[in-house]
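**Student:** Give me a 3D structure for the following:
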Amino acid sequence: MLYAVQWMRSLIFNIQMYLAGLVIGILFLPWALISLRGARTACLTYCRWVCWTAGWMINLKTEVRGTPPTGELMIASKHQSLLDVIMIFGSLPAGKFIMKRELMWVPILGQYGLRVGCVPINRGQRGTAIKKMLADVAAGSQIAGQLIIYPQGTRVAPGTKKPFKVGTFALYQQLNQPCVPAATNVGVFWPRQGVYRKPGTAIIEFLEPIPIGLCQSDFMKMLKERVETCSDALMREGGFDPDEIRN
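**Tutor:** Take a look at the predicted model:
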C-alpha cells in the first residue's frame with residue numbers, strides 16, 4: 001500500500017516537473033534570448049523548483065556537500081540520473097555542459113543550452129569545440145565557467161561498474177585546468193528509468209580538486225578512486241550497499 005501511494009505521488013511529481021520546465025522555459029525565453037543572466041536565472045529557477053517540489057511532494061530531500069567551485073575548471077561527476085544534473089548545475093555560478101550539436105535545434109532546450117555556455121560538438125570534433133570555447137573565453141565573448149562532464153559517459157545505476165573513459169584525461173589536459181571530482185547517491189532514490197521515486201536524502205558532494213599537470217595514469221587513478229569511494233559511502237548512507245550488487 002505504501003509503495004502504491006509513493007508511486008502515485010512520484011507520477012504526479014514527474015508530470016508537474018516536466019510541465020514546470022516547459023512553463024518556466026517559455027516565460028523566461030524573451031529575457032534569456034537577450035541576456036545571459038536571464039538564461040541562467042531561468043535554469044536556476046527550474047533547478048530550485050525541482051528540488052523544492054521533490055522535498056514536499058515525494059519526501060526526497062536534496063543536499064549539496066563540499067564547496068561548489070566558482071573558478072574556471074572542469075567538474076568530473078558520477079552520473080546516476082537526471083537529478084544529479086539538476087543538483088550540480090543548480091549549485092554552480094556558471095555551470096555548462098558539452099552537448100550534442102543536434103540539441104542546438106531542439107526548441108527552448110537548445111536556446112538555453114547555448115545561452116548558458118554549453119559547448120555543442122559534432123561526433124569526433126570535441127577537440128575543435130573545446131579550443132573554440134577557450135578562445136571565446138580569452139576573447140571575452142564567453143564567460144569563464146565550470147565545465148561539467150561525466151567521465152563514465154552515461155548514467156550508471158548504483159552498484160554497477162563502468163570504466164572511466166580516457167577521453168576525460170584528454171579534456172583535462174587540453175583545458176589545463178584543475179578538475180573537481182563529484183560523487184553522488186541520487187540513483188538510490190531516483191533511478192535512471194521508471195516512475196517511482198524513493199523518499200530519502202539525495203546528495204551531491206564536491207571533492208578535493210585534482211591539480212593540473214598530472215600524467216594520464218595518475219589522473220585517472222585519482223579521479224576514479226575519489227569518485228567511486230565517496231559515491232559508495234554516500235550510497236551506503238542512503239541505505240544501499242553497492243557491494244551486494246557487485247558480488
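
**Student:** Let's verify A183: helix, strand, or coil?
**Tutor:** Three-state assignment for A183 (DSSP: H, G, I helix; E, B strand; the rest coil): strand.

**Student:** Next, count neighbours for it.
**Tutor:** A183 has 24 neighbours, counted by other Cβ atoms under 10 Å. Quick note: C-beta positions are derived from backbone N, CA and C, even for glycine.

**Student:** That one contacts H79, correct?
**Tutor:** No. Using Cβ atoms under 8 Å, A183 makes no contact with H79, being 10.9 Å away.

**Student:** C43 against V116, yeah?
**Tutor:** Yes. Judged on Cβ under 8 Å, C43 makes contact with V116 at a distance of 6.0 Å.

**Student:** need the strands for the chain, in chain order.
**Tutor:** For the chain, the strands defined by DSSP state E occupy 60-65, 73-77, 95-100, 119-121, 146-149, 179-184, 200-206.

**Student:** between the longest helix belonging to the chain and strand 60-65, how big is the angle?
**Tutor:** Determined from DSSP state H, the single longest helix within the chain is helix 2-34. Relative orientation of helix 2-34 versus strand 60-65 (axes from the mean of the first three to the mean of the last three Cα atoms, to 10 degrees): 60 degrees.

**Student:** list the helices and strands helix 2-34 packs on?
**Tutor:** Secondary-structure packing of helix 2-34 (3 or more Cβ pairs under 8 Å, 6 or more residues apart in numbering; DSSP states H and E): helix 36-57, helix 109-115.

**Student:** Including mean pLDDT and mean neighbour count, could the ones you listed go into TSV?
**Tutor:** Putting those into TSV (pLDDT from 0 to 100; neighbours: other Cβ atoms under 10 Å) gives the following:
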stretch	mean pLDDT	mean neighbour count
helix 36-57	96	18
helix 109-115	85	19
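
**Student:** out of these, nearest to M74?
**Tutor:** Evaluated with Cβ to Cβ, the helices and strands packed on helix 2-34 place helix 109-115 nearest to M74, the distance being 17.9 Å.

**Student:** Can you give me the end-to-end span of stretch 183-200?
**Tutor:** Terminal residues of stretch 183-200 lie 17 Å apart, using Cα to Cα, to the nearest Å.

**Student:** should've said stretch 161-172
**Tutor:** 22 Å.

**Student:** For that stretch, buried residues please.
**Tutor:** 164-165, 168-169, 171-172 (16 or more other Cβ atoms under 10 Å).

**Student:** just for the protein, where's the confidence low?
**Tutor:** 122-144, 245-247 (pLDDT under 70).

**Student:** For the most centrally placed residue in it, list the residues it contacts.
**Tutor:** Central residue of the chain (Cα atoms, centre = their mean): V85, 2.8 Å from the mean position. Each residue near V85 by Cβ atoms under 8 Å, 6 or more residues apart in numbering is listed here: H79.

**Student:** How about the one 4 residues further on?
**Tutor:** Under the criterion of Cβ under 8 Å, 6+ apart, the neighbours of F89 are 43-44, 47, 95, 97, 148.

**Student:** got those residues as a markdown table, with distance to G71 columns?
**Tutor:** Output for those, formatted as a markdown table (distance: Cβ to Cβ, whole Å):
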| residue | distance to G71 |
| --- | --- |
| C43 | 20 |
| L44 | 19 |
| C47 | 21 |
| G95 | 12 |
| F97 | 17 |
| I148 | 14 |
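
**Student:** Of the residues you listed, just say which sits nearest to F28.
**Tutor:** C43 (8.7 Å).

**Student:** Kindly provide the distance from that closest one to F97.
**Tutor:** Distance of C43 to F97, computed by Cβ to Cβ, to the nearest Å: 11 Å.

**Student:** if we can go back for a sec, out of the contacts of F89, the closest to P191 would be?
**Tutor:** When the contacts of F89 are compared against P191 (criterion: Cβ to Cβ), the nearest one is C47, at 19.7 Å.
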